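> Dropping a prediction and its sequence here:
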Amino acid sequence: MPYTLVSFHAHPDDEALLTAGTLARAAAGGHRVVLVMATVGEAGLAASADREDGRLGERRVAELRDSARALGCARVEWLGYADSGMASDPSGAPGSFAHADVEEAAARLAAILDEEGADVLTVYDPAGGYGHPDHVQVHRVGTRAAELAGTRVVLEATVDRRLLRRALALVARLPGVPADFSPSRFAAAYSAPEALTHRVDVRRFARQKRAAMAAHATQAGADTGVRTLAVLLRLPRPVFRWALGHEWYVEHGRTPARPLLDDIFATLRDAPGRSG
């Protein structure tokens, strides 16, 4: 039976990096996929040509819609908060998502979950992956919204930290790779392998994932340095499929076991009285 998957993110392009293959796989399987963004990403890094007219947020909205089409998403919504930026003022900028009231923001998201009858919600791990304050807030707000709406399955989109560091150790040796690709930067980022519950095979959807990433053109360029998206999009297609062919999750309330689950709807399919 078809389910409804709501994927909650902080900024346009976040969906492409951590969940794009899963979303494309779910949509291709006949499930309804809804993207919800906390912000339009107006404080994101970008080349000056994309920022100087003050319309970066508008560009990123258009990019997200292109990404959503590539993935087969049925709906895209925004919660309406300001992008906090990586170095957000701890005192809290007016309207910034990182400093929003969790109950208020969760109520906004819960209204969408209720409207959609969401079966599954994706958020981030408690550390927000690599620690962006808006990503940490996605975890807080999303978890609370699922409680308010009674959404049964909550999945933390993450990365296997051990595999990530091994991959970076190889990539860091390549010419032109930025210094922030150092494995040491991710010593406490994302999730330890023993905490993972899902390893979703998305290799058949590498084309859609790559298209979603390519849609975010403003995030592939900068006046100085090399952006992560640009590095990944330069990978030859077979290497891209190998390197980005799996996506990882931690399901709330599920005890990790081996082998890891490949089906994000497993809990629903196994529920008494329901069949897939």
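Here it is on my side, so go on.

> Where does pLDDT dip in the stretch 151-276 of the chain?
Of all residues in the stretch 151-276 of the chain, those with pLDDT under 70 make up the ranges 164-188, 221-226, 273-276.

> can you give me the strands for it?
Secondary structure of the stretch 151-276 of the chain (DSSP state E, counting those that start in this stretch): strands at 153-158, 198-201, 246-251.

> Same check on the stretch 1-150 of the chain?
With DSSP E, counting those that start in this stretch applied, the stretch 1-150 of the chain shows strands at 4-9, 32-37, 75-78, 120-124, listed in chain order.

> for those strands, which one sits closest to residue 232?
Relative to residue 232, the nearest member of these by CB to CB is strand 4-9, separated by 17.3 Å. Every residue, glycine included, has its C-beta placed from N, CA and C.

> Need the mean per-residue confidence for the closest one.
Confidence over strand 4-9 (mean pLDDT, whole number) is 98.

> helices or strands up against it?
In this structure, strand 4-9 makes packing contacts with helix 20-28, strand 32-37, helix 102-116, strand 120-124, helix 133-149, judged by 3 or more CB pairs under 8 Å, 6 or more residues apart in numbering; DSSP states H and E.

> Between strand 32-37 and it, find me the angle.
For strand 4-9 against strand 32-37, the angle between stretch directions is 20 degrees (axes from the mean of the first three to the mean of the last three CA atoms, to 10 degrees).

> Alpha carbons of strand 4-9, as CSV, please.
C-alpha atoms of strand 4-9 as CSV (Å, rounded to 0.1, in the frame of the first residue of the first chain):
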residue,chain,number,x,y,z
THR,A,4,3.2,9.4,2.7
LEU,A,5,6.7,10.4,3.4
VAL,A,6,7.5,14.0,4.6
SER,A,7,11.1,15.0,4.4
PHE,A,8,12.0,18.0,6.6
HIS,A,9,15.1,20.1,5.9
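
> Let me know the angle separating that strand from strand 120-124.
Counting by the same axes, to 10 degrees, strand 4-9 lies at 10 degrees to strand 120-124.

> surely residue 76 meets residue 37?
Yes. Assessed by CB atoms under 8 Å, residue 76 is found in contact with residue 37 at 7.4 Å.

> Mutual contacts of those two, please.
Contact criterion CB atoms under 8 Å, 6 or more residues apart in numbering; residues shared by residue 76 and residue 37: residue 64.
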